[in-house]
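Novice: next comes the sequence, and after it the predicted model I'd like to discuss.
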Amino acid sequence: MKSASELTDFYYTELYDSLQELEQKRNAVRKKVLTLFGILGALSLLIIGFIYNSCHCFNESFIWVGVGATAIGGFGFRWLISGYRSGFKEKIIRPLIEAIEKELHYAPDAAIPQSLFQFSHLFEQRIDRFRGNDLVRGTLDGVSLQFSDIHAEHRSRDSKGREHWSTIFQGLFIVADFNKHFKGRTLILPDLAENLFGSFIGGMLQSRNFTKDQLVKMDDPAFEKAFVVYGTDQIEARYILTHTMMQRLLKLKKDTGSKVYVSFNGEKIMIAVDYDKDLFEPTVFQSLLSIDQAMGYIRTLRSSIGIVEELKLNEKLWSKV
Amino acid sequence: MTALIILAVVIVIIVLMYNSLVAKKNQVDNIFAGIDAVLKKRYNLIPNLVSSVQQYMQHERGILEKVTELRSQAMKPGISDEQKIALDKQITSALGSIMVAVESYPDLKANTNIMHLQRTLSEVEAQISAARRAYNQAVTDYNNAIEMIPTNILANMMNYRRKQVFEITEDERKNVDVGALFKQ
């Protein structure tokens, strides 16, 4: 795989013409977006002023004006940037992925299916809205790999019957072949209980979590501090999580700087990295030529694709040879 | 009334402690059964390994005889868990010596049968290592429960005794680099 510096060179040399063209588009889009926001802001103030003049009071309608302006703003923003956004994905993200690995295919509007996301059993809440984009799939070093952005949400109603949407997971979801045979399911989740309540009470809460499989205590203190493991089979969980694999997962957590969830199910490894934002989206208010932007795209792509290398999923040492 | 409530609470606590101790003991037995299964897999590989290498390894006849003898001891019915643990340690060391000796015979090392055996053995070793780690965790939980206050009082009455853990050497903690092994 190409190094980050080779990819940065590629970004600024091979993609230079496309970047120039897109940068002009971005400037035009930015002006339109600022104009739209300006008009919407002025209109909202006018309406609020008009309402206040008529009743000399503050009431709920002010909130509705705000909500309406935000909704129109959001919709308008998406409509204004749609051409620029698709151009960016085709002319920048696609060539970058191909430069990293030719065997990988990119579909900007597709995502990992909901069924596969649920098959991981990482997030057991009912999913009421599931969206995603930027699907990358293919083979890397003989390992089948796919990943995409995912946003899964849950709907609830309060006592007044008002609808609320809460995010179950937003971030990168990666599915790859695993190099060992296993029959059961092993889940590795961020250790929230022990971090919140300490190892004694947290450990007790984890072992009495009846919604999960058996608690599997691991013999690596650093790993045990960062993660909690649940599995259908105590021996199989340790067969998968060797000391080396635990170190690699800890490194992955450190490198991403985010919450990492890992599931081993159906002979696959599924990794969810909680980024809490849509990845691979073009910047509107910052130059595409800025090094920070370029490095951001390159780092995310490299680390997603590099999972195979990082976790040594390509080393089919045992029975899968 | 208060006395009754206190009595009920005490009974509930005793029942919970009793159930927790039984669950921990059963967990140890259950995982030991898992170890037994993978150890048997390894015992089944030993005759194949010995027959494949014995014509080459004239100088290592002693190790081959030892591993065969240890296998027959381990296969005997009715041996205790402690004896199984002790035999496993000796077999691991003897098999390690055979694998090191294989390296000195280029023809043997390149033999497809041996390569396959080595790979299968490595797979079984990884499973045994996982089973040992699971067993050690279960034994640690069990030993803690029978030694810590207040469960130790009940454990003593139930005649529960400490159990022995598998000792894992530092070498075994490392992943076997089979890639490098085959390149040698």
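Specialist: Yep, that arrived. Just so it is clear, the structure is predicted and the values come from calculations on it, not from any experiment.
Novice: not counting sequence-adjacent ones, nearest residue to residue 61?
Specialist: All of this refers to chain A. Leaving aside its chain neighbours, A:Ser61 sits nearest to A:Ile51 (5.6 Å; criterion: Cβ to Cβ, 6 or more residues apart in numbering or on different chains). Every C-beta, even on glycine, is put in place using the N, C-alpha and C of the backbone.
Novice: chain B, not that one
Specialist: Excluding the flanking residues, the one nearest B:Arg61 by Cβ to Cβ, 6+ apart is B:Gln54, at 7.5 Å.
Novice: burial of the one you found, as a residue count?
Specialist: When counting by other Cβ atoms under 10 Å in any protein chain shown, one arrives at 14 neighbours for B:Gln54.
Novice: if I look at it, how far off is B:Ile63?
Specialist: 10 Å (Cβ to Cβ, to the nearest Å).
Novice: now do the phi/psi pair for the residue nearest the centre of chain B.
Specialist: Closest to where the C-alpha atoms of chain B average out (Cα atoms, centre = their mean) is B:Arg132, at 4.5 Å. As for B:Arg132, its main-chain torsions (degrees, to the nearest 10) stand at phi -60, psi -40.
Novice: wait, it touches B:Glu167, no?
Specialist: No - counting by Cβ atoms under 8 Å, B:Arg132 does not reach B:Glu167; the two are 9.1 Å apart.
Novice: so how far is stretch B:9-17 from its chain's centroid?
Specialist: On the basis of Cα atoms, centre = their mean, to the nearest Å, stretch B:9-17 sits 34 Å off its chain's mean C-alpha point.
Novice: surely the residue nearest to A:Ser61 is within a helix?
Specialist: Yes - under DSSP: H, G, I helix; E, B strand; the rest coil, A:Ile51 falls within a helix.
Novice: number of residues surrounding it?
Specialist: The local packing of A:Ile51 (other Cβ under 10 Å) involves 16 other residues.
Novice: what score does it have for pLDDT?
Specialist: In this model, A:Ile51 is scored at 84, pLDDT.
Novice: quick one: contacts for it?
Specialist: If a contact means Cβ atoms under 8 Å, 6 or more residues apart in numbering or on different chains, then A:Ile51 has A:Asn59, A:Ser61, A:Phe62, A:Val65 as its contacts.
Novice: okay, now A:Asn59: neighbour count?
Specialist: Look at A:Asn59: counted by other Cβ under 10 Å, it has 10 neighbours.
Novice: just give the nearest non-adjacent residue to it, would you?
Specialist: According to Cβ to Cβ, 6+ apart, the nearest residue to A:Asn59 is A:Ile51 (7.6 Å).
Novice: please apply the same query to A:Lys251.
Specialist: Sequence neighbours aside, A:Glu310 is the residue nearest to A:Lys251 in space, at 7.1 Å (criterion: Cβ to Cβ, 6+ apart).
Novice: roughly how far apart are the one you found and A:Asp141?
Specialist: Using Cβ to Cβ, A:Glu310 is found at 12 Å from A:Asp141.
Novice: next one: A:Ser5
Specialist: Where A:Asp141 is concerned, A:Ser5 sits at a distance of 22 Å (Cβ to Cβ).
Novice: state which one residue of chain B is found closest to chain A.
Specialist: Closest contact between chain B and chain A, by Cβ to the nearest Cβ, is at B:Ala130 (3.7 Å).
Novice: for the helix or strand hosting that residue, buried residues please.
Specialist: Using DSSP states H and E, B:Ala130 falls within helix B:112-147. Neighbour counts over helix B:112-147 (16 or more other Cβ atoms under 10 Å in any protein chain shown) mark B:114-115, B:117-143, B:145-146 as buried.
Novice: how far is it from where the chain is centred?
Specialist: 5 Å.
Novice: which helices and strands does the helix or strand that it is followed by pack with?
Specialist: Sequence order places helix B:151-157 as the next helix or strand after helix B:112-147, per DSSP H and E. With contacts taken as 3 or more Cβ pairs under 8 Å, 6 or more residues apart in numbering or on different chains; DSSP states H and E, helix B:151-157 sits against helix B:2-53, helix B:112-147.
Novice: tell me which of those helices sits nearest to A:Arg137.
Specialist: helix B:112-147 (29.5 Å; Cβ to Cβ).
Novice: I figured A:Phe169 was touching A:Ile271, is that so?
Specialist: No - using Cβ under 8 Å, A:Phe169 is not in contact with A:Ile271, being 11.8 Å away.
Novice: in three-state terms, label the nearest residue to A:Leu116 once chain neighbours are set aside for me.
Specialist: Nearest non-adjacent residue to A:Leu116, counting by Cβ to Cβ, 6+ apart: A:Val175, 6.2 Å away. When classified by three-state DSSP, A:Val175 comes out as strand.
Novice: state the pLDDT value of A:Val175.
Specialist: For A:Val175, pLDDT reads 95.
Novice: I'm done for today, thanks for sticking with me.
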